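the sequence isn't on hand, but the structure is:
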């Protein structure tokens, strides 16, 4: 399968792209990226696709999570480990609570670009280009910082490589061993009610592991996990430069990440992003907002997965708590009736944001939970499988989303609001969500 050129893609109308100041700089950055080794390997992408086939078939549940937008300044070993910790904790809660295999997918090692509602940002009498993520420009509100810089795309590559290396070292070096469950629980979580519940569950798993060891039933699966990376395929220059032909199959893969998705703002059926992802062999996703029509959903499947390959396509719905019960049923019914094989995943974050009177972008934990509940209710009523959830979260003790067991209120947002883009669940809220979703999963399995 041939890959269209960058010029051909841009000719289709590429939404949400930076206005680069000079073509020579872009060509130089793209040239460097084309010479770089792959960040991930085609075989790893195929393994993930097989696992996502289990999700689509109702045999597994997808947990996809990580930062709204990664930043160069926060790339440290501790931050990478903290994100992995919370994902591991949530996965164990889901697996133990619902007796279902969990596919673990990080929103990590490439999530450096963000779509924006407006091309510019105004503060007082000053108007500058909007911050589009560290892949494009700087967060600092100065003319110099906000100029799009294509050399940042090369920085994204190096930062993603470091993140992947750290992740592989942690997860394959014993850190993912189930015997480490207690060590995953940080002090600020351990002292919370949900942390105590987690410790109780961990103790039960310890006893089960002791029993298995006593009868000689140890398994390598208890000591390491399969983990893959994902990000929104947004900046065409970056994704195109990292699309390579696999030597085993002579098929193209985007080796910037294992799983790539098209966002709500870039899912134009005849647009550049859908076209590029239709040409690569990676497992891919499409974000579907409340305006998505049934005809569009079917058309995405025909364009992106014409052979109806299990695990190839995931629909990530982001409807909003107030709309999901009204909008989702018709979509699921029409797609199912068309015989389309797809994994259904809920993103309960992006449809539930609002801004406080004090200027903080936030989300209510109750709204997040309500959208997940609506997602499960719809699938239960239709006899289809609620395949997973896609969450913006962090391993830190941030104060960005309102509510949860700690009852964080609007006044508390100012204490540790660290996101440069959208608000994330903190570690305690993430763990609480995992316990609640485990109960929903258990009920859905009958």
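All right, it came through fine. Remember, predicted model here, so these are calculated numbers, not experimental data.

and residue 446, what's its pLDDT?
Looking at residue 446, its pLDDT reads 67.

these two touch, right, residue 49 and residue 312?
Yes - using CB atoms under 8 Å, residue 49 makes contact with residue 312 at a distance of 6.3 Å. C-beta here means a position set from N, CA and C on the backbone, and glycine is covered the same way.

who touches both of the two?
Taking CB atoms under 8 Å, 6 or more residues apart in numbering as the criterion, residue 49 and residue 312 both touch residue 283.

right, and residue 110 touches residue 156 too?
Yes - counting by CB under 8 Å, residue 156 is a contact partner of residue 110 at 7.1 Å.

which of those two has more neighbours?
residue 110 (32 against 28; other CB atoms under 10 Å).

and that one, that's in a helix?
No - Residue 110: not assigned to a helix; according to DSSP: H, G, I helix; E, B strand; the rest coil it is coil.

now do stretch 17-28: distance from first to last residue.
18 Å (CA to CA, to the nearest Å).

now what about it, what contacts it?
With CB under 8 Å, 6+ apart, stretch 17-28 has contacts from 10, 119, 129, 132, 136-137, 147-151, 235-237.

show me which pair in those residues is furthest apart.
119 and 151 (21.1 Å; CB to CB).

could you list the low-confidence segments of the stretch 301-446 of the chain?
Counting by pLDDT under 70, the stretch 301-446 of the chain shows low-confidence ranges at 446.

now stretch 362-379: buried residues?
362-365, 367-379 (16 or more other CB atoms under 10 Å).

among those, which are located in helices?
Judged by DSSP state H, the subset of the buried residues of stretch 362-379 located in helices is 365, 367-379.

helices of the protein, residue ranges please.
With DSSP H as the criterion, the chain has helices at 6-11, 23-35, 42-56, 77-98, 143-146, 151-172, 187-190, 193-214, 236-241, 272-278, 294-304, 324-337, 365-382, 427-444.

make TSV out of those and add distance to residue 223.
Formatted as TSV, the helices of the chain follow (distance: least, CB to CB, whole Å):
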stretch	distance to residue 223
helix 6-11	43
helix 23-35	36
helix 42-56	18
helix 77-98	13
helix 143-146	45
helix 151-172	9
helix 187-190	23
helix 193-214	11
helix 236-241	34
helix 272-278	35
helix 294-304	36
helix 324-337	38
helix 365-382	31
helix 427-444	21
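
number of nearby residues for residue 217?
Neighbours around residue 217, by other CB under 10 Å: 10.

just the pLDDT at it, thanks.
pLDDT at residue 217 comes out at 78.

ok, the ones in helices among the buried residues of stretch 362-379 vs residue 92, which is closest?
residue 372 (18.5 Å).

which residue packs closest to the closest one, ignoring adjacent ones?
Excluding its sequence neighbours, the residue lying closest to residue 372 (CB to CB, 6 or more residues apart in numbering) is residue 348, at 4.9 Å.

go on, residue 418?
Closest to residue 418 by CB to CB, 6+ apart is residue 398, at 5.2 Å.

now that neighbour: how far from residue 86?
Here the distance between residue 398 and residue 86 works out to 12 Å (CB to CB, to the nearest Å).

please say which of those two ends up with more neighbours.
Set residue 398 next to residue 86 and count neighbours by other CB under 10 Å: residue 86 wins out with 27 against 21.

got the contact list for the more buried one?
So residue 86 contacts 65, 393, 394, 395, 427, 430, 431 (CB under 8 Å, 6+ apart).

one more pass at 10 Å, please.
By CB atoms under 10 Å, 6 or more residues apart in numbering, residue 86 lies in contact with 65-66, 184, 186, 189, 391, 393-396, 425-431, 434.

one step back: top of the contacts of stretch 17-28 by neighbour count?
Greatest neighbour count in the contacts of stretch 17-28, by other CB under 10 Å, goes to residue 136: 28 neighbours.

quick check: it touching residue 119?
No - with contact defined as CB atoms under 10 Å, residue 136 does not count as touching residue 119 (11.7 Å).

hey, what's in contact with both of these two?
Joint contacts of residue 136 and residue 119 (CB under 10 Å, 6+ apart) are 18, 19, 129, 130.

so which of these is the most crowded?
Going by other CB under 10 Å, residue 18 tops the shared contacts of residue 136 and residue 119 with 25 neighbours.

how near is it to residue 312?
The gap separating residue 18 from residue 312 is 29 Å, by CB to CB.

contacts only, for residue 354.
So residue 354 contacts 360, 361, 362, 363, 364, 367, 402, 423 (CB under 10 Å, 6+ apart).

switch the cut-off to 7 Å
residue 362 (CB atoms under 7 Å, 6 or more residues apart in numbering).

look up phi and psi at the residue nearest to residue 418.
phi -80, psi 160 (degrees, to the nearest 10).

go ahead and confirm it touches residue 413.
No - in this structure residue 398 lies outside contact range of residue 413 using CB atoms under 7 Å: 9.5 Å.

shared neighbours of the two, anything?
In contact with both residue 398 and residue 413: no residue, using CB under 7 Å, 6+ apart.

tell me the contacts of the residue nearest to residue 418?
416, 417, 418, 424, 426.

could I get these as JSON lines with neighbour count and distance to residue 204?
Listed next are these as JSON lines, based on neighbours: other CB atoms under 10 Å; distance: CB to CB, whole Å:
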{"residue": "416", "neighbour count": "12", "distance to residue 204": "32"}
{"residue": "417", "neighbour count": "14", "distance to residue 204": "36"}
{"residue": "418", "neighbour count": "15", "distance to residue 204": "34"}
{"residue": "424", "neighbour count": "26", "distance to residue 204": "29"}
{"residue": "426", "neighbour count": "26", "distance to residue 204": "25"}
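
which one of the residues you listed is nearest to residue 45?
residue 424 (26.4 Å).

which residues does residue 245 contact?
Counted by CB under 7 Å, 6+ apart, residue 245 has contacts residue 252.

check residue 62 too.
Residues near residue 62 by CB under 7 Å, 6+ apart: 52, 55, 103, 105, 343, 345, 387, 388.

closest one of those to residue 210?
Using CB to CB, those come closest to residue 210 at residue 103, 27.4 Å.

doesn't residue 55 make contact with the closest one?
Yes - between residue 103 and residue 55 there is a contact under CB under 7 Å: 5.9 Å.

the residue most central in space within the chain: what's its closest spatial neighbour, skipping adjacent residues?
With distances taken as CA atoms, centre = their mean, residue 107 lies nearest the centre of the chain, 3.6 Å away. Distances taken as CB to CB, 6+ apart place residue 66 nearest to residue 107, at 3.1 Å, with adjacent residues excluded.
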